[in-house]
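**Q** quick one: sequence plus predicted model below, questions after.
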Amino acid sequence: MKNFLKINEKDNIILALRDLKKDETLDVNGDTINVKEDIPRGHKIALKKIMKNEIIIKYGFPIGHALTAIAPGEHVHTHNTKTNLSGTQDYQYSPKHSTNPYIKDEKRTFKGYRRENGNVGIRNELWIVPTVGCVNGIAEKMIKRFEKYVGDISPFDNVLVLKHNYGCSQLGDDHENTKQILLNAVNHPNAGGVLVLGLGCENNELPEFKKALGNVNEGRVKFLISQAVTDEIEEGFKLLLEIYENAKNDKRGEIPLSELKVGLKCGGSDGFSGITANPLLGRFSDYLNAQGGTTVLTEVPEMFGAETILMEQATNEEVFHKVVCLINDFKEYFLQYNQPVYENPSPGNKAGGITTLEDKSLGCTQKAGSSQIVDVLKYGEVLKTNGLNLLSAPGNDLISSSALAAAGCQLVLFTTGRGTPFGSFVPTLKVSTNTQIYEAKPHWIDFNAGTLLEEGVSSEQVLNDFIDYIIRVASGEFVNNEKNDFREIAIFKSGVTL
């Protein structure tokens, strides 16, 4: 492996590919750089003298400005660099559309479940969806009773409760967000059957929830109000058995890759995220879009500083204005609470080599690839258009991954340089940015993009291996969060709790 990497010819920094020691020398295109201090891997080093207030360039774009003069070979990080970001901005539509490099419609398939309404799931699971957090414990007891009785839960891949804390004492947008995310979960194609479980006194009332749900397969979706029966465990158990009887003959069938919907997410990022794992997801996104499939990028605060790149990818002016609203509305959300729009990256990100929000965003947005953006979804909206979509949600891992699943993604691809064990309520496939975390946490990480840093490794071969793996996962192969039974649902909250 090389000692350093210059990502773009315009850059005035290089990236350490391993821990560098003080007084080491680096040959950069014939110029000798003396390392002035110990530099951790993934961190930045000044390539030339950078004057105070001069712009720091990485990926060919500004990531902030120097707080003081920085000599060649010095560490460039939070102690001497500051973001250029502030409030909302005005933008002009200047499209830059590139040709998708991948062959269209290769006729590849995966083995999934075709639902009665035409939608496709990559799992066949039995879910209990509580309308309110008060019944989480009841739901768990119902599942234990059911699993003990049936023994073998086949053809279900899993039985779980989508536990959450909300559904009552909420007003306005918070109440609507909770209701909508749960409605989307009930309709999710990865669920072969759902028991909607209420308490009876919550403001997320089950009769109104059922009305908003519309027409459902009554053999697959059941409803129970706990306060309306004497033995809620027994009644719930009976309903789960009815769903089981209606689903026991479900089988996988060949499904075109065009019906795969994949969420794109990162968390616990490091200095390699924008070099290995995120570009890999970008190439996969372009490939899946070429097959007629769908990818979704979210984490709006982690678009700040790189949003103009996404705006240039908007398929038309209408979508461009949706992207502008997505960015500025989220900035306004920060500002209404008197919070700076640039209060990111996290301590873990900084330890991994990410210095400013622009630094993080320019790496984060590479997950979108170069395809045209066909639509922008509000939080809680469901996918309508195949292709690359943007979705309004915060950077928080659990909330944004849940939002991707609720939008209709059957699978979430999650890149990480620091590692994380969690999973959303759909398979959450972890892609490491470096080999070290892959080897340290094989029970968390599913695919190693760190091999892209190794000499002689072809990016196209890594992509092909990745595509093959994703097809296996879509066809039923479990990822680590499923093996560990780490599954979460988290709902965005911004207002008053009664």
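**A** Ah, there it is. Residues are numbered from 1 along each chain as shown.
**Q** burial count for Ala247?
**A** Ala247: 20 surrounding residues under other Cβ atoms under 10 Å. C-betas here are computed from N, CA, C, even on glycine.
**Q** how many neighbours does the nearest residue in space to it that is not next to it in sequence have?
**A** For Ala247, ignoring the flanking residues on the chain, the nearest one in space by Cβ to Cβ, 6 or more residues apart in numbering is Gly192 at 4.6 Å. Here the count is done by other Cβ under 10 Å, and Gly192 has 23 residues near it.
**Q** Gly192 contacts Asn124, doesn't it?
**A** Yes: here Gly192 reaches Asn124: they are 4.1 Å apart, a contact under Cβ atoms under 8 Å.
**Q** quick one on the thing from earlier: next one, pLDDT for the residue nearest to Ala247 please.
**A** What the model reports for Gly192 is a pLDDT of 98.
**Q** and the contacts of the helix or strand harbouring it?
**A** For Gly192, the element it lies in under DSSP states H and E is strand 191-198. For strand 191-198, the surrounding residues in contact (Cβ atoms under 8 Å, 6 or more residues apart in numbering) are 113, 121, 124-132, 135, 138-139, 142, 155-156, 185-186, 204-206, 209-210, 213, 220-226, 236, 239-240, 243-244, 246-247, 250.
**Q** now do the buried residues in that strand.
**A** Using 16 or more other Cβ atoms under 10 Å as the test for burial, strand 191-198 gives Ala191, Gly192, Gly193, Val194, Leu195, Val196, Leu197, Gly198.
**Q** do the same with stretch 363-379
**A** 363-377, 379.
**Q** next: stretch 161-170.
**A** For stretch 161-170, the buried set under the neighbour-count rule, 16+ other Cβ under 10 Å, comprises Val161, Leu162, Lys163, His164, Tyr166, Gly167, Cys168, Gln170.
**Q** before we move on, what about stretch 279-292?
**A** Using 16+ other Cβ under 10 Å as the test for burial, stretch 279-292 gives 279-291.
**Q** do the same with stretch 16-27
**A** Ala16, Leu17, Leu20, Leu26.
**Q** can you pull out the helices in the stretch 101-250 of the chain?
**A** 136-150, 172-186, 206-213, 232-247 (DSSP state H, counting those that start in this stretch).
**Q** rounded mean pLDDT for the second one, please.
**A** Going back to what we said before, that points to helix 172-186. For helix 172-186, mean pLDDT is 97.
**Q** about what we covered before: ok, the buried residues of strand 191-198 vs Phe486, which is closest?
**A** If you rank these by distance to Phe486 using Cβ to Cβ, Ala191 comes first, at 18.3 Å.
**Q** if I look at the closest one, how far off is Lys44?
**A** Ala191 sits 45 Å away from Lys44, going by Cβ to Cβ, to the nearest Å.
**Q** kindly report the same for Leu126.
**A** Counting by Cβ to Cβ, the gap from Leu126 to Lys44 is 49 Å.
**Q** for Ser361, give me its contacts.
**A** For Ser361, the contacting residues are Glu302, Met303, Phe304, Gly305, Ala306, Glu307, by Cβ under 8 Å, 6+ apart.
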